[in-house]
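have a look; sequence and predicted model below, questions after that.
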Amino acid sequence: MSEEKRTGILLIGVGTMLTSMAVAGFGLGFFVDYWLDSQPVFMLIFGGLGLVGGIIKVHSVLSSLG
Amino acid sequence: MSGSSDGGGTVAYIQHHLTNLCVGDCDPVTHKAAGFWALHLDTVFFSVALGVLMIAVSWRMGQNLATGTPNGFQNFVEMIIDFVSGQVKDTFPGHNPIIAPLALTIFVWVWLMNFMDLIPVDLLPAIASGVLGIEYLKVVPTTDLNTTLAMSLTVFALILYYNIKIKGVGGYLKMFLFHPFGKFFVPVNIVMSVIEELAKPLSLALRLFGNLFAGELVFLLIALIGGTMAVGLGALIWFPLQVVLDLGWLIFHLLVITLQAFIFMVLTIVYLGMAHTEEH
């Protein structure tokens, strides 16, 4: 698979990837909080990590364009 | 325009068209799912019916294949197969005989389900209500989050399967340890990698659902122009406007449904391709 082609295709989903990672982080945190009865500690931590991870992911995909 | 002619108003009309035919554990007032054992019968019916249609047409074509000069429909199908096959060759590393048929199935099935959005919004619900006495009917399966999430979770299960098959359990789990912050932040890396993996099916499902749901809503709003404003002489202005807007949105939406089916297919190929490579 050519790297440029894969990067190009991943660019299609880069917008939703950012939001999805934030949502997935909050969701994962919500279930961990529900499990440990620790609302809203993990929801905030994992949500923040998801947002940061999303920004890193978007940055890496956009940077690989050259 | 059953909702507005009942005197239920525009909100009731839209709500009525956005409510699934729910059976099982459903709220008796709102008719929305109220528990795990709620089944959206219309979503299941239309998605299965379109799947059966796809299989039946493929089977019938397989029986009547022309090797010399193929007819128009066979040409069209071969063109789609060539297009999908080309995408798989371009974006998928190595060889896996399942990927191209999977991509083709996803593309055609999602496109067919999306295409239901182009049928006039009141036609099938009116027939179901008049002939079968069915009160609620939502005809576009991809405007139901259950459909898009089920498809993306199936793709996610395949991603997990091929990741473990190609890299081994240890190799796959190792990917979670050192990305993106290196060896000194292993707990943070694990959480971020898990979130990244979970975001893949979520983004696939939400993108398809969001685009099709919004498209259906625009069709409903255009339908309301004629339904609520076309009274007396006003119909001379509003009805042609509705026809023009509907036609415009229909042509544009034809592009949207094809693009969304293509995006779902091509991202599935890319994610499965990433599962087949050693680097991540």
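Okay, I see it.

how about low-confidence regions in chain A?
Within chain A, the stretches with pLDDT under 70 are A:1-2, A:66.

tell me the contacts of the residue most central in space within it?
With distances taken as Cα atoms, centre = their mean, A:Met21 lies nearest the centre of chain A, 2.4 Å away. For A:Met21, the contacting residues are A:Gly50, A:Leu51, A:Gly53, A:Gly54, A:Lys57, B:Ile195, B:Glu196, B:Ala199, by Cβ atoms under 8 Å, 6 or more residues apart in numbering or on different chains. Glycine gets a C-beta too; all of them are placed from N, C-alpha and C.

I'd like to know which of the residues you listed are buried.
For the contacts of A:Met21, a neighbour count by 16 or more other Cβ atoms under 10 Å in any protein chain shown gives the buried set as A:Gly50, A:Leu51, A:Gly53, A:Gly54, A:Lys57, B:Ile195, B:Glu196, B:Ala199.

if we only consider these, which is nearest to B:Gln63?
B:Ala199 (43.4 Å; Cβ to Cβ).

now the closest one: which helix or strand?
helix B:186-229 (DSSP states H and E).

that helix near chain A anywhere?
Yes - using Cβ under 8 Å from any Cβ of the partner chain, helix B:186-229 reaches chain A at B:188, B:191-192, B:194-196, B:198-200, B:202-204, B:206-207.

in TSV: those, plus pLDDT.
Listed next are those as TSV, based on pLDDT from 0 to 100:
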residue	pLDDT
B:Val188	91
B:Val191	92
B:Met192	91
B:Val194	94
B:Ile195	94
B:Glu196	92
B:Leu198	94
B:Ala199	94
B:Lys200	93
B:Leu202	94
B:Ser203	93
B:Leu204	94
B:Leu206	94
B:Arg207	94
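
nearest to B:Leu145, of those?
Of these, the one sitting nearest to B:Leu145 (Cβ to Cβ) turns out to be B:Leu206, at 8.0 Å.

quick one: contacts for that closest one?
So B:Leu206 contacts A:Thr16, A:Thr19, A:Ser20, A:Val23, B:Thr148 (Cβ under 8 Å, 6+ apart).

run a quick neighbour tally on the nearest residue to B:Gly182 once chain neighbours are set aside.
The shortest distance from B:Gly182 to any non-neighbouring residue, by Cβ to Cβ, 6 or more residues apart in numbering or on different chains, is to B:Asn189 (7.8 Å). B:Asn189 has 20 neighbouring residues, counting by other Cβ atoms under 10 Å in any protein chain shown.

give me the pLDDT for B:Asn189.
With respect to pLDDT, B:Asn189 has a value of 90.

correct me, but it touches B:Phe178?
Yes - if you go by Cβ atoms under 8 Å, B:Asn189 and B:Phe178 touch, sitting 6.1 Å apart.

need the strands for chain B, in chain order.
With strands called from DSSP state E, chain B shows them at B:22-26, B:33-40.

want to try TSV for these, with mean neighbour count and mean pLDDT as columns?
Output for these, formatted as TSV (neighbours: other Cβ atoms under 10 Å in any protein chain shown; pLDDT from 0 to 100):
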stretch	mean neighbour count	mean pLDDT
strand B:22-26	16	93
strand B:33-40	15	91
